[in-house]
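Enquirer: Need a 3D model of the sequence below.
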Amino acid sequence: QVQLVESGGGLVQAGASLSLSCTASGRTNSTYAMGWFRQAPEKEREFVGAITWSGGRTSYADSVKGRFTISRDNANNMVFLQMNSLKPEDTAVYYCAAQLYGRMWAGVGNKNAYSYWGQGTQVTVSS
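Expert: Predicted coordinates:
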């Protein structure tokens, strides 16, 4: 089991920055990658970005590329999502998720390839 706890959400104005954190505990050595997803009201949960624990390789959705940055702190089992130049359309509940080595074949952008999820944190961007 892997437990995930997000923090750092809030209400900001368009153009502002916000940083989210995700702390993992449990069997983190079984985790290949950590992903960030978001879900706006009445919309499907969508991929934001991901980072591999080993090597720190990152990938991003086109909608956030150049504005969002994912980083990790392996020693403390933490993953961060730095969000800059926020837009109202970034408003959503943001979730971090853990992908196990056994599911890495499915790709880091596939939400169905993640086995564990945090409770989510609300990000609201006002215009």
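
Enquirer: what residue lies at the spatial centre of this protein?
Expert: residue 36 (1.7 Å; Cα atoms, centre = their mean).

Enquirer: Can you tell me how far that residue is from residue 83?
Expert: Separation of residue 36 from residue 83 (Cβ to Cβ, to the nearest Å) stands at 10 Å. For the C-beta atoms, the positions are set from N, CA and C on the backbone; glycine is no exception.

Enquirer: and if you look at residue 49?
Expert: Taking Cβ to Cβ, one finds residue 49 at 10 Å from residue 83.

Enquirer: Kindly point out which residues are neighbours of both of those two.
Expert: 64, 68 (Cβ atoms under 8 Å, 6 or more residues apart in numbering).

Enquirer: Listing request: residues of this protein with sub-threshold pLDDT.
Expert: Judged against pLDDT under 70, the chain has no low-scoring part.

Enquirer: Show the contacting residues for the residue nearest to residue 67 when sequence neighbours are not counted.
Expert: Excluding the flanking residues, the one nearest residue 67 by Cβ to Cβ, 6 or more residues apart in numbering is residue 85, at 4.8 Å. With contact taken as Cβ under 8 Å, 6+ apart, residue 85 is in contact with 15, 17, 67.

Enquirer: Who wins on neighbours among those residues?
Expert: For those, the largest neighbour count, defined by other Cβ atoms under 10 Å, is 15 neighbours, found at residue 67.

Enquirer: So residue 54: helix, strand or coil?
Expert: With DSSP: H, G, I helix; E, B strand; the rest coil as the basis, residue 54 sits in coil.

Enquirer: That one: how many residues sit nearby?
Expert: 10.

Enquirer: now residue 92
Expert: 22.

Enquirer: Which strand residues bridge it?
Expert: residue 123 (DSSP bridges).

Enquirer: Next, give phi and psi for the residue nearest to residue 67.
Expert: Main-chain dihedrals, residue 85, degrees, to the nearest 10: phi 50, psi 50.

Enquirer: And for residue 59?
Expert: Dihedral angles (degrees, to the nearest 10) for residue 59: phi -150, psi 150.
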